[in-house]
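Chemist: I would like to see how this sequence folds:
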Amino acid sequence: MTLSSRQAIILNALVDQYIQVATPVSSDSLVRQAELGVSSATLRNEMAVLEDGDFIVRPYTSSGAVPSPLGYRHYVETGFEASIPTTSEMDIVKDAHSINATDDLDARVEKTARFLAEKVANVAFVTFPRAQQPRIRRVELVHLEKSLALLIVVLQGSALRKGLLRYTHEVSQDMLTSISNQLNDMISGRTSSEISEIPANLSPLVDVAWRGANTILRREAYENAAPYVYGLTYALNQPEFAEAAGAQSIIELTEDTNLLQDVLHQHSSRASGVTVRIGPENSVDVLHPFSVITVQYGSSEGLNGTLGVLGPTRMEYRRTIAILQRVSIVIDDLIEA
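Modeler: Predicted structure coming up:
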């Protein structure tokens, strides 16, 4: 069903009001507050058309109306221009720059999740930036005791991964430094597939370190780290989760890291830009009472991650989308730092 211009304006005004008040919206309330320039009788007729088209529903026969998933979808597609920043959203971008570029990458990602949850007042999640083919920037070997050494692998984007190496005989820090230098000359800037074939002329000491670095790099390529998730406290303040059943549903969702990873994988496989899935548009039944909004971020080195927000379908879509877009730009700069 294609809506007329007036019907679209009425629907978007109803969604706006419902997002703010969280109670069914009556025609009289819309006439008073939305300044639509139509009579109550005309508004009631148009709302009846919207109801017949499944854009709005009435929880009770005599009550006002609330948006349906289809109504929210129309609102997201046509109801606003998310690319136009407001003053408050620009202030949020300035605040986002407080995420310290001198922190290691893990800390920056964690702070981003906290920051995002605070600004959107819902659950926020951020995946650690990864490359499909991660590259080694450099390796370091640190002597621990006798034949035991700590292998530190610095990946592109400054992510650190560590492992233990055990040699068959005692080694010194000078020996380990020499091994590190040889290894860096051979594998710096290369991917796991590029270093999978071990050169035949490696010394036994370098061979141990080579194999350790390759194991770390292959694990990095195939393992999916659990996302950083914050904001449950903010989400529980939403009226949809005031009762025990609603609260339990979102608590269980935030604790199910496997489900969140699946959701993020589905979103990250889509085209770049903002992805919005509303209620039953989510492929998992337990997500049908929720909306999920995500955006990708990344660096010129091929590191990519996902910023996302989970909340009730009655979500401030315009504000959330605008914040996600702008924070993703800030994070792009941070992971380049």
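Chemist: Where does pLDDT dip in the stretch 101-250 of the chain?
Modeler: Counting by pLDDT under 70, the stretch 101-250 of the chain has low-confidence residues at 101-105, 131-133, 157-158, 196-198, 200, 221-225.
Chemist: can you do 80?
Modeler: Low-confidence segments of the stretch 101-250 of the chain (pLDDT under 80): 101-109, 128-135, 156-159, 191-200, 217-226.
Chemist: show me where the stretch 101-250 of the chain has strands.
Modeler: Using DSSP state E, counting those that start in this stretch, the strands found in the stretch 101-250 of the chain span residues 123-126, 136-145, 148-155, 160-166, 228-230.
Chemist: looking at these, which is buried most?
Modeler: Highest mean neighbour count of these: strand 123-126, a mean of 27 (counted as mean count of other CB atoms under 10 Å). Quick note: C-beta positions are derived from backbone N, CA and C, even for glycine.
Chemist: name the helices or strands packed onto that strand?
Modeler: Packing partners of strand 123-126 (3 or more CB pairs under 8 Å, 6 or more residues apart in numbering; DSSP states H and E): helix 105-120, strand 228-230, helix 232-235, helix 244-255, strand 304-312.
Chemist: Of all those, which one is nearest Glu51?
Modeler: strand 304-312 (21.2 Å; CB to CB).
Chemist: any idea how far that closest one is from the chain center?
Modeler: Counting by CA atoms, centre = their mean, to the nearest Å, strand 304-312 is centred 3 Å from the centre of its parent chain.
Chemist: between that strand and helix 105-120, how big is the angle?
Modeler: Here strand 304-312 points in a direction 30 degrees away from that of helix 105-120 (axes from the mean of the first three to the mean of the last three CA atoms, to 10 degrees).
Chemist: which other helices and strands contact strand 304-312?
Modeler: Using 3+ CB pairs under 8 Å, 6+ apart, the elements in contact with strand 304-312 are helix 105-120, strand 123-126, helix 244-255, helix 257-268, strand 290-298, helix 317-336.
Chemist: Could you say which of the ones you listed is packed most deeply?
Modeler: Of the helices and strands packed on strand 304-312, the one with the most neighbours on average (mean count of other CB under 10 Å) is strand 123-126, at a mean of 27.
Chemist: And that one, how far out from the chain middle?
Modeler: Centroid separation between strand 123-126 and its chain, computed with CA atoms, centre = their mean, is 6 Å.
Chemist: I would like the residues contacting it, please.
Modeler: Under the contact criterion CB atoms under 8 Å, 6 or more residues apart in numbering, strand 123-126 has outside partners 109-110, 112-114, 116-117, 227-232, 234-235, 250, 253-254, 260, 264, 305-311.
Chemist: okay if I get the helices and strands packed on strand 304-312 as JSON lines plus distance to Gln182?
Modeler: What follows is these, written out as JSON lines (distance: least, CB to CB, whole Å):
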{"stretch": "helix 105-120", "distance to Gln182": "27"}
{"stretch": "strand 123-126", "distance to Gln182": "37"}
{"stretch": "helix 244-255", "distance to Gln182": "46"}
{"stretch": "helix 257-268", "distance to Gln182": "37"}
{"stretch": "strand 290-298", "distance to Gln182": "32"}
{"stretch": "helix 317-336", "distance to Gln182": "30"}
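Chemist: looking at these, which is closest to Pro204?
Modeler: Evaluated with CB to CB, the helices and strands packed on strand 304-312 place helix 105-120 nearest to Pro204, the distance being 33.3 Å.
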